[in-house]
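A.B. asks: Would you be able to build a 3D model of this:
(chains A and B)
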Amino acid sequence: MNALTRSVPWRGTAWAFGKLGLSGRSLVIAVPMLWLGVFFLAPFFVLGRISLAEAIIARPPFTPLFERAPDGSLEIIASLENYRFLIEDALYRNAYLSSIRVALISTIFALLIGYPIAYYIARAPEPKRSILLLMVILPFWTSFLLRVYAWMGFLRTNGVINNTLMSLGIIDAPLRMMHTDLAVYIGIVYTYLPFMILPLYANLTKLDGALLEASSDLGASPMVTFFTVTLPLSLPGIVAGSMLVFIPAIGEYVIPALLGGPDTLMIGRVLWDEFFSSRDWPVASAVAIVMLFLVVAPIMWLQSVQNRRGID
Amino acid sequence: MDGRVIAAESKPWQNPSAQPFISLRGVTKRFGNFTAVSEVDLDIYRSELFCLLGESGCGKSTLLRMLAGFELPTTGSIRIDGEDMARVPPDRRPTNMMFQSYALFPHMTVEKNVAYGLLREGLKKSPAYERAREMLRMVKLEKLARRKPDQLSGGQRQRVALARSLVKRPKLLLLDEPLGALDKKLREETQFELIKIQETLGVTFIVVTHDQDEAMTLATRIGVMKDGVIEQIGEPREIYETPRSRFVADFIGTVNLFGGKVDVAAPDMMRLDIHELGPVLVPPQTGLTHGQTIWGAVRPERFSLSRARPENTQNAWKGVVEEMGYIGHMSQYRIRLANGVLIRVSQSNRLRDEDPISWDEKVWVSANPAAFRVLTR
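C.D. replies: Numbering: from 1, shown residues only, chains lettered A, B, ... in the order given. Here you go, the predicted structure:
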């Protein structure tokens, strides 16, 4: 490192950047900033600009931002009409609410299923622990789409579950599971469970066993110890895991499209339909922007809660 | 170094009819093939401050954890206050533990940490916090009741841990290296505070430590452990003056160990033939026979140094001062005898203007017969 920083080309480059007002530190941060700028911020502004336009049958299918007025001056054409439309039309409102509901319920189930698994793995002895962790990550090695199709095979009217139950004589007629909200919940919880387990596991392995012993020594039963020591100390893991499930679940498109019924209303599907079926890019852009704020809001709120906690 | 002086009538271990408060019989703990604790028999009496002393890995912590209920003995029985503990889980035992790492709950304030055990007893909030504050007053931390553990210094955390483990008034308090994480000065202050608290509350303490000074200062009795076995149990003075094995003699304090044989074992005279020193007279004692292999143990302060040959003893050897360290209240010497043997001697510096024996002087090292402790193992 020292030999490098003392070398002539290095010092020459550093000097040149210094003249431009760039230090090593700002160069390091510049790379991710550039990435975010090009692939997130720029598309976001494009989307924002389209959401203020009006749909027309043309290529591209929306009105330009600037137009030359008859007197020769430039006019900016932008309106919040699309947003007003989103608020007024019950379809969008219901789609947003139903997306939040589906994401919330899925997150709760993922937490209820994921927590015991994460706890068990965190408490397992070493060789076993690595194998269990591998098993959690293993599904990622096959395509997500294939796994959702596999669930269709399970949930179908003459799928694996119905056939098994009927051959065992537990049910007489097949259960309707495919194309229901239940199938969507199963699909989302199944798909995002590892995102819940991994942060929880990372948190729970850090839990000091002496704390659990101390609690038991002071007269707490294992159940009480869980609620007074383990659970509060694993709160950061719960928050991280829930975020990682809730955020992608809210905008999920593939799972409700494949497993859900016609009445499964989720914003991801509405967005798809608006873009590709109605070819109404401006409304679709407005839908996307509102969704972004719906997702960002809970993150901002949680961040501020955590910051406040850190201070006192 | 000296232990606490307790009146003879308050030494229940000397009274064969006294009922032990804690009684271990044949307690063994194995982890797979490793035997951590092996066949331990131990009686501890009410209001004792018993120290389990040994190096790391000697099984002392495992023994403590078995008393707390975190480990179950592979074989053997543990009784506390007459009750068999075999089926009693840690949360129902009349014991509390102060952990080496303190194990304070990081998400709770000092006050909540201390009140935690009381709330688990079913005590209502306000009396629980009242008692917690009382306890914090005793350890002089009432002003920090609202702080979180990570806002405290090491010494303050140690006090919170102590308060938390005492607040339930346990019959038995188990302390795992209670002073281990404190710096030397704080450790010495805290030692005496711990004794004061123990005497005030009358709780029975069992302290695990690897620090012999700490054990000597704190304990009414010490159990010296090695490889899962208790080598010797006794009052600090007993352990120091009459160790039963070379391990105990060497582990507690400094000692000169010499190997040899019993030469004469008569009722009125006993002479050893020590390899390093030749014939040595010791007070007659029973149980030794002619030709038996023994070791002679002599504490450095039991040797005397003089420039002239001492007249009243046969146990005197000529040597040269090879090294000398002046410590203040005493000086430590290493004397090289003519046959090359090195002897450690320490002399207390009583007079201000004496002419001290110094480097390269020819000196006589002597010891009266009672200075030798004869060991058979």
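A.B. asks: Which parts of chain A belong to which domain?
C.D. replies: Using automatic domain parsing, the domain parsing of chain A gives A:12-76, A:89-279.
A.B. asks: low-confidence ranges in the stretch 151-300 of chain B?
C.D. replies: Within the stretch 151-300 of chain B, no range satisfies pLDDT under 70.
A.B. asks: That one: strands as residue ranges?
C.D. replies: B:172-176, B:204-209, B:221-226, B:229-234, B:256-266, B:269-274, B:278-282, B:293-298 (DSSP state E, counting those that start in this stretch).
A.B. asks: got the domains of chain A as a markdown table, with mean pLDDT, distance to B:Glu134 and mean neighbour count columns?
C.D. replies: In short, each C-beta sits where N, CA and C put it, glycine included. Below are the domains of chain A laid out as a markdown table (pLDDT from 0 to 100; distance: least, C-beta to C-beta, whole Å; neighbours: other C-beta atoms under 10 Å in any protein chain shown):
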| stretch | mean pLDDT | distance to B:Glu134 | mean neighbour count |
| --- | --- | --- | --- |
| domain A:12-76 | 82 | 53 | 12 |
| domain A:89-279 | 91 | 17 | 17 |
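A.B. asks: Throw the ones you listed into TSV and include distance to chain B, thanks.
C.D. replies: TSV is the format used below for the domains of chain A (distance: least, C-beta to the nearest C-beta, whole Å):
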stretch	distance to chain B
domain A:12-76	30
domain A:89-279	4
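A.B. asks: Show me the one of those that comes nearest B:Leu305.
C.D. replies: domain A:89-279 (50.4 Å; C-beta to C-beta).
A.B. asks: the longest helix in the chain is where?
C.D. replies: I went with chain A, as the question did not name one. helix A:90-123 (DSSP state H).
A.B. asks: I was after chain B.
C.D. replies: helix B:184-201.
A.B. asks: Packing partners of that one?
C.D. replies: helix B:154-166, helix B:212-218 (3 or more C-beta pairs under 8 Å, 6 or more residues apart in numbering or on different chains; DSSP states H and E).
A.B. asks: Now do the contacts for the residue nearest to A:Leu259 when sequence neighbours are not counted.
C.D. replies: Of all residues not flanking A:Leu259 in the chain, A:Ala183 sits nearest, at 3.9 Å (C-beta to C-beta, 6 or more residues apart in numbering or on different chains). Taking C-beta atoms under 8 Å, 6 or more residues apart in numbering or on different chains, we find A:Ala183 in contact with A:Trp151, A:Leu155, A:Met177, A:Leu259, A:Gly260, A:Gly261.
A.B. asks: again, only this time at 10 Å
C.D. replies: Taking C-beta atoms under 10 Å, 6 or more residues apart in numbering or on different chains, we find A:Ala183 in contact with A:148, A:151-152, A:154-156, A:176-177, A:255-256, A:258-261, A:264.
A.B. asks: tell me which residues in the longest helix of chain B are buried?
C.D. replies: Within helix B:184-201, the residues scored as buried using 16 or more other C-beta atoms under 10 Å in any protein chain shown are B:Arg187, B:Thr190, B:Gln191, B:Leu194, B:Ile195, B:Ile197, B:Gln198.
A.B. asks: Take those residues and write them to CSV, including distance to B:Glu71.
C.D. replies: Shown next, in CSV, are the buried residues of helix B:184-201 (distance: C-beta to C-beta, whole Å):
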residue, distance to B:Glu71
B:Arg187, 28
B:Thr190, 28
B:Gln191, 28
B:Leu194, 25
B:Ile195, 28
B:Ile197, 27
B:Gln198, 25
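A.B. asks: residues contacting the residue nearest the centre of chain B?
C.D. replies: Residue closest to the mean C-alpha point of chain B, counted by C-alpha atoms, centre = their mean, is B:Ala215 at 3.1 Å. Residues in contact with B:Ala215 (C-beta under 10 Å, 6+ apart) are B:3, B:49-54, B:207-209, B:221-224, B:236, B:239, B:252.
A.B. asks: related to what we said a few turns ago, which element is encountered next along the chain beyond the longest helix of chain A?
C.D. replies: On the C-terminal side of helix A:90-123, the nearest following helix or strand under DSSP states H and E is helix A:126-137.
A.B. asks: what's next to the helix or strand following that next one, contact-wise?
C.D. replies: Using DSSP H and E, the helix or strand that follows helix A:126-137 in sequence is helix A:144-155. Contacting residues not belonging to helix A:144-155 are listed as A:139-140, A:142-143, A:159-164, A:175-180, A:182-183, A:186-187, A:190-191, A:254-255, A:257-259 [C-beta under 10 Å, 6+ apart].
A.B. asks: Check stretch B:270-279 too.
C.D. replies: Among residues not part of stretch B:270-279, those counted as contacts by C-beta under 10 Å, 6+ apart are B:256-265, B:280-286, B:288, B:291-292, B:294-296, B:298, B:314-317, B:337, B:339-343, B:365, B:367, B:369, B:372, B:374.
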